[in-house]
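> Dropping the sequence and predicted coords here.
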Amino acid sequence: MFLVEKSFYLMNRDLVVFTGVLLEGEVGPGMLVDLLASRGGPGPVVIHSVEPVQFADGSEQMALTVPWDAISPVPLFEPSSLEGERLPISQD
């Protein structure tokens, strides 16, 4: 389970980034994160990478990235709608 604190587009890498805290379990590239169809998302998508992100204030958070193409099937989906949500993580 991953608690989303912030989300943003990383246009130069064609990725969507979700930063936050891993609440339970493990997470890694190739696993699935559920981008909640109930909140307008595409549902489960493959995680591209898991990496630390440092913000301008010096704070650092874990980031899950997903390919832009994974959310393009739902053009009205706004990733920021998942801020504050707990996203399930699974193997496949």
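Okay, I see it.
> all strands for the chain, in order.
Assigned by DSSP state E, the chain shows strands spanning 2-10, 15-22, 32-35, 43-46, 49-54, 60-67, 86-87, 89-90.
> Return the most buried member of the ones you listed.
Most buried of the strands of the chain, by mean neighbour count (mean count of other CB atoms under 10 Å): strand 32-35, with a mean of 22. To be clear about C-beta, it is placed using only N, CA and C from the backbone, and glycine gets the same treatment.
> helices or strands up against that strand?
strand 43-46, strand 60-67, strand 86-87, strand 89-90 (3 or more CB pairs under 8 Å, 6 or more residues apart in numbering; DSSP states H and E).
> For the first one, which helices and strands make contact with it?
For strand 43-46, the contact count by 3+ CB pairs under 8 Å, 6+ apart identifies strand 32-35, strand 60-67, helix 68-71 as packing neighbours.
> Also the last one?
Where contact means 3+ CB pairs under 8 Å, 6+ apart, strand 89-90 is packed against strand 32-35.
> Give me the contact list for the strand it packs on.
2, 18, 27, 41-47, 64, 66, 70-71, 77, 79, 82, 87-92 (CB atoms under 8 Å, 6 or more residues apart in numbering).
> Next one: the spatially most central residue of the chain from Gln91, what distance?
Centroid check for the chain by CA atoms, centre = their mean gives Phe18 as the closest residue, at 3.6 Å. Going from Phe18 to Gln91 by CB to CB, to the nearest Å gives 18 Å.
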